[in-house]
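**Student:** Dropping the sequence and predicted coords here.
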Amino acid sequence: MSDTAETRAVVEEFFRRVRDGEPETVGDLFAERIDWYIYGSDAVPWVGRRTTREEAGQFYTELRGHLETKHFTCRHIVADGVHAVALGDMEQLVKSTGKIFASPFAFHFVVENGLITRYLAFEDSLALARAFNAAD
């Protein structure tokens with residue numbers, strides 16, 4: 001299998017597990033050491049850097065404690081060698097405030113030896129921070 005085909009297959013499996021509500025198995029798709037970063041406000045509990053497979057797996061369990069997914073769709077995956085970019089949109093209910101967060105997203109993946117080694121997430125971080133603020 002070519003790097004591009006392998007990268008696409010791993011990213012497609014990532015989205016299948018996220019979509020099907022399998023947070024405990026999403027972490028299995030990551031390498032032991034990773035470069036993970038989600039940009040955003042410190043008001044959002046899960047933004048920032050993670051560096052291990054265990055932390056990646058914990059992220060998806062933690063996320064379910066804060067959000068209820070209303071809509072999450074990956075519309076396009078563009079793969080080139082070990083790199084892939086996924087574009088889509090999501091709508092989440094923030095459980096602590098009852099507010100809806102809706103945003104397009106772009107995720108950058110690097111897949112090496114069948115495992116995700118790099119994950120960068122881009123979304124409307126201001127809208128997400130506002131959804132976490134009960135006063136807004």
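**Tutor:** Yep, it's here. None of these values were measured; they are calculated from a predicted model.
**Student:** Skip the chain neighbours and tell me the closest residue to the most centrally placed residue in the chain.
**Tutor:** Geometric centre of the chain, nearest residue: Ala121, 6.2 Å, by C-alpha atoms, centre = their mean. The shortest distance from Ala121 to any non-neighbouring residue, by C-beta to C-beta, 6 or more residues apart in numbering, is to Ile38 (4.4 Å). Where you see a C-beta, it was placed from the backbone N, CA and C, and this is true even at glycine.
**Student:** Relative to Met1, how far out is the one you found?
**Tutor:** Using C-beta to C-beta, to the nearest Å, Ile38 is found at 29 Å from Met1.
**Student:** okay, the two: which has more neighbours?
**Tutor:** Between Ile38 and Met1, Ile38 has the larger neighbour count (other C-beta atoms under 10 Å), namely 19 against 9.
**Student:** Quick check: which ranges of this protein have low pLDDT?
**Tutor:** Residue ranges of the chain with pLDDT under 70: 134-136.
**Student:** residue boundaries of the helices in it?
**Tutor:** Counting by DSSP state H, the chain has helices at residues 3-19, 23-26, 53-66, 125-132.
**Student:** Quick one: closest of those helices to Val111.
**Tutor:** Closest of these to Val111 is helix 3-19, at 4.2 Å (criterion: C-beta to C-beta).
**Student:** Pull out the buried positions in stretch 35-49.
**Tutor:** Trp36, Tyr37, Ile38, Gly40, Val44, Trp46, Val47 (16 or more other C-beta atoms under 10 Å).
**Student:** residues contacting the residue nearest to Asp3 when sequence neighbours are not counted?
**Tutor:** Residue nearest to Asp3 in three dimensions, not counting chain neighbours: Gly81, with 4.6 Å by C-beta to C-beta, 6+ apart. Residues near Gly81 by C-beta atoms under 8 Å, 6 or more residues apart in numbering: Asp3, Thr4, Thr7.
**Student:** How much space separates the second one from Glu54?
**Tutor:** Yep, that's Thr4 we're talking about. To Glu54, Thr4 is 29 Å away according to C-beta to C-beta.
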